[in-house]
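J.: Sequence unavailable; structure follows:
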């Protein structure tokens, strides 16, 4: 299996698309084991896509694209401005708040970071903020996106690990709020030292706040409806995705009246591209995962971790550190797909809660999207704002420290993660 891992890393360094790097390196396992029928790679690839719960992935992607073309993003910017526009840092605070509000809409940290960079980035630099600081805020604030339901990472982790997706959705809300507060404090501290002004100098009037809330309330209700539908047993995780699409169409056509035929077609085209990339990755990862299971790597990892770590918390710290380190080179989605079947059995063997670990794991895996050398969100934002990776890295240290502090708190205080799912689902 070591040859397979080395081949995967080499293919990534060569610039091979991630899905093909996983599939090709996984196929090497069967070359090493000629006694295995070579029909197995084809069978496991096809069967991986037949999991009914995975139907939620393309449906939530489609719903997010419909909502983005319904004028919802513009309304959320107005709401974020009302909520945090008077704080030090102005647009930087608005960016963090917008990511918290957009989590249930886009579901993708990279998409959220790129969208906000185009929308808010130029205005942030015009107001005197350094390009590196603006890029860091726009990038790191997007870590909220996969934590607020319905994050695609939660669906993948829940499906692969056989963990309740409803409980994962509920578990993400409190950590998202903590990340929101931590990032806002980090932005406020930097803005205060450098004298960055607030975006607004006057308090919003009651009428202005009411108008902004009324316009953005449909985005706020989106994750609430998802949780209630799952809690009351009205929908399964895959059926809730179909409801999300219908919800997005009704909001765009009947309420905002901005989702017209052209926007509808554009949303379908974008969704086809997004779904194709994600599902190809999921399908080809089955070849890689087959070798992992056959070589009994989960059992070996469990034995190694339990031999080093004396308790669950220490084991989780070791795992989180390793996930963050690997995430510097591998995309978060790939990490979730590949490492879930390896790490989750270890946590279960140590008596850990799979929902608690899932949220910590997703946060740790997502950090790599914003850090050198291969962070996808980092490159997207730096390219749009035309800033160097070195400047971005220097200006993002405080933001990384804020995220790391929350991740550490989640490890040692599982009640922060499990309070809401226990309350809603028992």
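T.: Perfect, thanks for sending it. These numbers come from a predicted model, not from an experiment.
J.: distance of the spatially most central residue of the chain from residue 100?
T.: Nearest to the mean C-alpha position of the chain, by Cα atoms, centre = their mean, lies residue 146 at 2.6 Å. For residue 146, the distance to residue 100 equals 12 Å [Cβ to Cβ, to the nearest Å]. Every C-beta, even on glycine, is put in place using the N, C-alpha and C of the backbone.
J.: Please apply the same query to residue 383.
T.: Using Cβ to Cβ, residue 383 is found at 24 Å from residue 100.
J.: Likewise for residue 45?
T.: Taken as Cβ to Cβ, the span from residue 45 to residue 100 is 37 Å.
J.: who's more crowded, those two?
T.: A direct count of neighbours by other Cβ atoms under 10 Å for residue 45 and residue 100 places residue 100 higher, at 24 against 19.
J.: Tell me which helix or strand the more buried one sits in.
T.: Per DSSP states H and E: residue 100 is located in helix 91-106.
J.: Quick one: residues in contact with the following helix or strand past that helix.
T.: Per DSSP H and E, the first helix or strand lying C-terminal to helix 91-106 is helix 109-126. Here helix 109-126 makes contact (Cβ atoms under 8 Å, 6 or more residues apart in numbering) with 68, 73, 77, 91-92, 94-95, 98-99, 102-103, 106, 131, 134-135, 137-139, 141-143, 145-146, 332, 366, 369-370, 376-377, 380-381, 384-385.
J.: Could you figure out how far helix 109-126 is turned away from helix 91-106?
T.: Interaxial angle of helix 109-126 relative to helix 91-106 (axes from the mean of the first three to the mean of the last three Cα atoms, to 10 degrees): 160 degrees.
J.: what about the helix or strand just after helix 109-126, average pLDDT?
T.: Toward the C-terminus, helix 109-126 is succeeded by helix 131-140 as the next helix or strand (DSSP H and E). Average pLDDT, helix 131-140: 88.
J.: Output the contacting helices and strands for helix 131-140.
T.: When contacts are defined as 3 or more Cβ pairs under 8 Å, 6 or more residues apart in numbering; DSSP states H and E, helix 131-140 sits against helix 91-106, helix 109-126, helix 173-194, helix 376-385, helix 389-395, helix 397-412.
J.: List phi and psi for the residue nearest to the centre of the chain.
T.: phi -80, psi -10 (degrees, to the nearest 10).
J.: residues near residue 181, how many?
T.: Counted with other Cβ under 10 Å, residue 181 comes out at 14.
J.: separation between it and residue 358?
T.: Between residue 181 and residue 358 the distance is 22 Å, computed by Cβ to Cβ.
J.: wait, isn't residue 399 in contact with residue 137?
T.: Yes. Between residue 399 and residue 137 there is a contact under Cβ atoms under 8 Å: 6.8 Å.
J.: between those two, who's got more neighbours?
T.: Between residue 399 and residue 137, counting by other Cβ under 10 Å, residue 137 is the more crowded of the two (33 against 23).
J.: where's the more buried one relative to residue 218, distance?
T.: Counting by Cβ to Cβ, the gap between residue 137 and residue 218 amounts to 26 Å.
J.: Next: residue 131.
T.: According to Cβ to Cβ, residue 131 stands 34 Å off from residue 218.
J.: The two - which one has more neighbours?
T.: Between residue 131 and residue 218, counted using other Cβ under 10 Å, residue 218 has the larger neighbour count: 22 against 19.
J.: where are the low-confidence patches of the stretch 1-150 of the chain?
T.: Along the stretch 1-150 of the chain, segments meeting pLDDT under 70 span 1-2, 12, 51-53, 103-108.
J.: ok, back up a step: elements contacting the helix holding residue 100?
T.: helix 56-68, helix 72-84, helix 109-126, helix 131-140, helix 173-194, helix 206-231.
J.: Next, the angle from the second one to helix 206-231.
T.: It refers to helix 72-84. Here the directions of helix 72-84 and helix 206-231 differ by 120 degrees (the same axes, to 10 degrees).
J.: Buried by neighbour count: which residues of helix 72-84 qualify?
T.: If you call a residue buried by 16 or more other Cβ atoms under 10 Å, then helix 72-84 has these buried ones: 72-73, 75-84.
J.: Next: the fifth one.
T.: For helix 173-194, burial by neighbour count (16+ other Cβ under 10 Å) applies to 173-180, 182-184, 186-188, 190-191.
J.: now it against helix 397-412, angle please.
T.: Angle of helix 173-194 versus helix 397-412, following the same axes, to 10 degrees, is 150 degrees.
J.: same question, the first one
T.: Angle of helix 56-68 versus helix 397-412, following the same axes, to 10 degrees, is 140 degrees.
J.: Show me what helix 56-68 packs onto, helices and strands only.
T.: Contacts defined by 3+ Cβ pairs under 8 Å, 6+ apart place helix 56-68 against helix 91-106, helix 152-161, helix 237-250, helix 261-294.
J.: do the same with the fifth one
T.: Packing partners of helix 173-194 (3+ Cβ pairs under 8 Å, 6+ apart): helix 91-106, helix 131-140, helix 354-367, helix 397-412, helix 414-425.
J.: Would you mind pulling the contact partners of that helix?
T.: Contact partners of helix 173-194, identified using Cβ under 8 Å, 6+ apart, comprise 84, 87-90, 92-93, 96-97, 99-100, 103, 133, 137, 140-141, 143-144, 147-149, 196, 223, 359, 363, 398-399, 401-403, 405-406, 409-410, 416-417, 419-420.
J.: Only whichever of these are buried, select them in ChimeraX.
T.: The following ChimeraX line selects those of these that are buried, judged by 16+ other Cβ under 10 Å:
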select :84,87,88,89,90,92,93,96,97,99,100,103,133,137,140,141,143,144,147,148,149,196,223,359,363,398,399,402,403,406,410,416,417,420
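J.: what sits against residue 239?
T.: Counted by Cβ under 8 Å, 6+ apart, residue 239 has zero contacts.
J.: and the gap between the closest residue to residue 5 other than its chain neighbours and residue 278?
T.: Spatial nearest neighbour of residue 5, excluding adjacent residues (Cβ to Cβ, 6 or more residues apart in numbering): residue 25 at 7.4 Å. Separation of residue 25 from residue 278 (Cβ to Cβ): 19 Å.
J.: Residue 369 too?
T.: 15 Å.
J.: ok, those two, which is more surrounded?
T.: More crowded of residue 369 and residue 278, by other Cβ under 10 Å: residue 369, with 27 against 20.
J.: Just the pLDDT for that one.
T.: 77.
J.: That one reaches residue 379, doesn't it?
T.: No. Using Cβ under 8 Å, residue 369 makes no contact with residue 379, being 9.6 Å away.
J.: Thought residue 337 was touching residue 160, still the case?
T.: Yes. Residue 160 lies in contact with residue 337 (Cβ under 8 Å); the separation is 6.6 Å.
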